[in-house]
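Peer 1: Need coordinates for the following:
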Amino acid sequence: MEDYPRTLIAFKDRFTTNDACLQYLASLRWPGGFCCPQCGHNVAWQTKRGLFQCRKCRRQTSITAGTIFHDSRKPLRLWFEAMWHITSQKYGANALGLQRILDLGSYHTAWKWLHRLRRAMVRPNRDDLNGTVEVDETYIGGERSGKRGRGAENKTLVVIAVEDKSRDEDKESKGIGRIRLKRILDASSKSLVDFISTHVSPGSRVRTDGWSGYEPLSNTGYEHIIVGPKDLNIAHLVASLLKRWLLGTYQGAVKQTQLDYYLDEYTFRFNRRTSASRGKLFYRLVQQAVVTEPILGRDIVGGNSQPKHGSREIHDGPGNYT
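Peer 2: Numbering: from 1, shown residues only. Below is the predicted model of the structure:
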């Protein structure tokens, strides 16, 4: 049974202490009860430090070890408030807003937390897209306009896959289904077919334009349907909504090296856009956070220069970490 607070009041009443947060994480990490990562034994007691000590091998296990909360110096209660804030924002949250809500002393801490939580929005072993799937590419970013078309300069290439439920045999399914987004180096056959084979179930009907990069699809277990570029309406709509979201929420201040994190967040939000419960989005994010491996700060920064207050990147740019 899915267990989560339905309202802000219920959230605040339930997660007033770090211990309450730890117990909730434990229930999601070990839904069938504790399981020792070393010997597999299922009986343990909790130490005064909040660790689970296996009754058989005596190994002590932290609930947060191996998760995005690993070695965090901040109270777990603040992480929960951050996750509630992020999932309760219809169009997304930026680092400056998160810093203010949580009263964090460092803007850079808020920025780092946001990127870690964005990575947790990708569920491991998630189901592939299926049925009829439209695939197309779009270009994101670039302060200069650059040339148009595949190979555009100063921009980042993103490939889009979206389920077209209106074309499926199941007449009860209508409209747009789930999406997948990925930053790719180029529009070559290798990049495009690798993306499709990773995110779309074999046997699906894949609609693309006539670009040569899609030619091998027919030999890789898919029903390849070639249409005119103007006929990929759903993929174009997703591309347009993605760009509008990046511009409206983050003022377009997204660096190429961090774009993957924003694509993860947009996918998470889009695929749950019909959810009537913000609490359930919170539940899903926490559920995925406990199975997401730790992310080092240097991996998030990606070697980019640091932003200056007042620059275009102030809303969600990278920062200095200690």
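Peer 1: just for the stretch 151-300 of the chain, where's the confidence low?
Peer 2: When residues are selected by pLDDT under 70, those of the stretch 151-300 of the chain lie in 151-154, 169-173, 251-254, 297-299.
Peer 1: Show me the strands in it, by range?
Peer 2: Using DSSP state E, counting those that start in this stretch, the strands of the stretch 151-300 of the chain run over 156-164, 176-184, 205-208, 223-226.
Peer 1: Those strands: which one's closest to Arg55?
Peer 2: strand 176-184 (42.4 Å; Cβ to Cβ). Any C-beta I mention is one placed from the backbone N, CA and C, and that applies to glycine too.
Peer 1: how about the lengthiest helix in the chain as PDB, C-alpha atoms only?
Peer 2: If each helix of the chain is counted by residues according to DSSP state H, the longest one is helix 233-250. Provided in PDB are the C-alpha atoms of helix 233-250 (Å, rounded to 0.1, in the frame of the first residue of the first chain):
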ATOM      1  CA  ASN A 233       3.200  16.600 -34.300                       C
ATOM      2  CA  ILE A 234       3.500  15.000 -30.900                       C
ATOM      3  CA  ALA A 235       7.300  15.000 -30.800                       C
ATOM      4  CA  HIS A 236       7.300  18.600 -31.900                       C
ATOM      5  CA  LEU A 237       4.800  19.500 -29.200                       C
ATOM      6  CA  VAL A 238       7.000  17.900 -26.500                       C
ATOM      7  CA  ALA A 239      10.000  19.800 -27.900                       C
ATOM      8  CA  SER A 240       8.100  23.100 -27.800                       C
ATOM      9  CA  LEU A 241       6.900  22.500 -24.200                       C
ATOM     10  CA  LEU A 242      10.400  21.500 -23.100                       C
ATOM     11  CA  LYS A 243      11.900  24.700 -24.400                       C
ATOM     12  CA  ARG A 244       9.200  26.800 -22.900                       C
ATOM     13  CA  TRP A 245       9.700  25.100 -19.500                       C
ATOM     14  CA  LEU A 246      13.400  25.700 -19.600                       C
ATOM     15  CA  LEU A 247      12.900  29.300 -20.500                       C
ATOM     16  CA  GLY A 248      10.100  30.000 -18.100                       C
ATOM     17  CA  THR A 249      11.400  28.200 -15.100                       C
ATOM     18  CA  TYR A 250      15.200  28.700 -15.500                       C
END
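Peer 1: just how off-centre is that helix within its chain?
Peer 2: Here helix 233-250 is found 16 Å from its chain centre; the criterion is Cα atoms, centre = their mean, to the nearest Å.
Peer 1: Same question for stretch 28-45.
Peer 2: Using Cα atoms, centre = their mean, the offset of stretch 28-45 from its chain centre is 27 Å.
Peer 1: can you list contacts of it?
Peer 2: Contacts with stretch 28-45, where a contact means Cβ atoms under 8 Å, 6 or more residues apart in numbering, come from 26, 52-57, 59, 61, 63, 67, 286-287, 290-291.
Peer 1: 7 Å instead, please
Peer 2: Applying Cβ atoms under 7 Å, 6 or more residues apart in numbering, the contact partners of stretch 28-45 are Phe52, Gln53, Cys54, Arg55, Lys56, Cys57, Arg59, Thr61, Ile63, Val286, Gln287, Val290.
Peer 1: and the last one, how many neighbours?
Peer 2: Using other Cβ atoms under 10 Å, Val290 has 20 other residues around it.
Peer 1: Offset the numbering so it begins at 559, please.
Peer 2: Okay, using 559 as the starting number, the last item reads as Val848.
Peer 1: how much space is there between the nearest residue to it once chain neighbours are set aside and Cys615?
Peer 2: Counting by Cβ to Cβ, 6 or more residues apart in numbering, Arg587 is the residue found nearest to Val848 once chain neighbours are left out, at 4.4 Å. From Arg587 over to Cys615 the distance is 18 Å, taken as Cβ to Cβ, to the nearest Å.
Peer 1: same question, Ala584
Peer 2: Going from Ala584 to Cys615 by Cβ to Cβ gives 19 Å.
Peer 1: Among the contacts of stretch 586-603, name the ones in strands.
Peer 2: Phe610, Gln611, Cys612, Thr619 (DSSP state E).
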